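S.K.: Provided below for reference: sequence and predicted model.
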Amino acid sequence: MKIATWNINGIKARLNNLVVWLEQNQPDIVCLQEIKSCDEQFPYSSIETLGYHVETHGQKSFNGVALLSRVTPDEINRRLPGDISDEQARFIEGVYSIEKAVIRVASLYLPNGNPIVSDKYPYKLSWIRRLRDFAADRLCLEEPFILAGDYNIIPTKIDAKNPTEWMEDALFFLSARKAFQELINLGFTDAIRAVNPEAQYTFWSYQAGAWSKNNGIRIDHLLLSPEASDRLIQAFVQKKMRGWEKASDHVPVWIELDI
DNA sequence: ATGGCCGGCGCAGCCGGA
């Protein structure tokens, strides 16, 4: 089965591209981020018509995540545990039965955290720690489990065309990278890094000709539990999508699993 | 020419993003 994660930067602006992409690529499960829509305004029927079940956790104007799937989920969980006062829509998890297997997939949109001197950066750090605590609990289930989404973390300097430009940015700041590494160290496999040691960018800014200069960063990740990583067949970044008309600034990232 | 954007909201121009 094929699973993709994609920050679409607005479902209203990206619906046509999303529909064409679904028709052409036929993913089994899709993790979307930045739908920028409340649930009531989400265009469910345009996607359900293509044979997908749709679950959203949205809010007005900003953030928002969704899960699209060929099969109906057995269970859906919204919100990352650990802070009941957190109103930002950044997390949704689904459990799916695929023949005899059960697979658990989360779509997450980790806070950007800029500027570092604002309260946005401690919010980012606390969100990563909440994610780590949540993930530690999930790993005890010993299931194929995929944590997919826009992490807003550049893990290492090879994940940026110009790493020195990012030194004081919340995407590359050392304490954020360390917190991300603590999550990985629970036992996750970074799917793209595992199959390809070369640079594989997933985001190119709309500004300053970043795409034409390939001035990209890798911030969209699929982290696999040991039970998922045992079944990993391939992982890849769909770079050409950045060249489409009305492209998102992020491109889809894919894994194929032997399930 | 050494700078250059985009989406949402809502109908001007600001906020947020990365």
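M.R.: Perfect, I can see it now. Numbering: from 1, shown residues only, chains lettered A, B, ... in the order given.
S.K.: for DNA strand B, what are the nearby residues on chain A?
M.R.: For chain A, the residues in contact with DNA strand B (C-beta under 7 Å from any atom of the strand) are A:7, A:9-13, A:34, A:36-37, A:60-62, A:111-112, A:114, A:120, A:150, A:152, A:171, A:203, A:205-209, A:212-213, A:217, A:219, A:246, A:249. C-beta: built from backbone N, CA, C; applies to glycine.
S.K.: Can you say which of these are buried?
M.R.: In these, burial by neighbour count holds for A:7, A:9, A:11, A:34, A:36-37, A:111-112, A:114, A:150, A:152, A:171, A:203, A:217, A:219, A:249, counting by 16 or more other C-beta atoms under 10 Å.
S.K.: ok, which pair from the residues you listed is furthest apart?
M.R.: Farthest pair in those (C-beta to C-beta) is A:Ser37 and A:Ile217. Separation: 25.3 Å.
S.K.: Looking at the stretch 51-200 of chain A, which residue is nearest DNA strand B?
M.R.: A:Asn112 (3.5 Å; C-beta to the nearest atom of the strand).
S.K.: Helix, strand or coil: sort out that residue for me.
M.R.: Classification of A:Asn112 using DSSP: H, G, I helix; E, B strand; the rest coil returns coil.
S.K.: Enumerate every residue touching the closest residue to it other than its chain neighbours.
M.R.: Counting by C-beta to C-beta, 6 or more residues apart in numbering, the nearest residue to A:Asn112 once its immediate chain neighbours are dropped is A:Asn152, at 5.0 Å. Shown in contact with A:Asn152 (C-beta atoms under 8 Å, 6 or more residues apart in numbering): A:Leu110, A:Pro111, A:Asn112, A:Gly113, A:Lys124, A:Ala170, A:Leu171, A:Ile219.
S.K.: SS state for A:Asn152?
M.R.: Assigned with three-state DSSP, A:Asn152 falls in the coil class.
S.K.: can you pull the pLDDT of it?
M.R.: Looking at A:Asn152, its pLDDT is 98.
S.K.: Give me the phi and psi for it.
M.R.: Phi and psi for A:Asn152, reported as degrees, to the nearest 10, are phi 50, psi 40.
S.K.: ok, the residue of chain A positioned farthest from its centre to A:Glu142 distance?
M.R.: Here chain A reaches farthest from its C-alpha mean at A:Lys100, the gap being 26.0 Å by C-alpha atoms, centre = their mean. Computed as C-beta to C-beta, to the nearest Å, the A:Lys100 to A:Glu142 distance reads 16 Å.
S.K.: residues in contact with A:Trp244?
M.R.: The contact partners of A:Trp244, by C-beta under 8 Å, 6+ apart, come to A:Asn17.
S.K.: how far away is it from DNA strand B?
M.R.: Distance from A:Trp244 to DNA strand B, counting by C-beta to the nearest atom of the strand, to the nearest Å: 11 Å.
S.K.: Point me to the residue of chain A nearest DNA strand B.
M.R.: Taking C-beta to the nearest atom of the strand, chain A has A:Gly10 as its residue nearest DNA strand B, at 2.6 Å.
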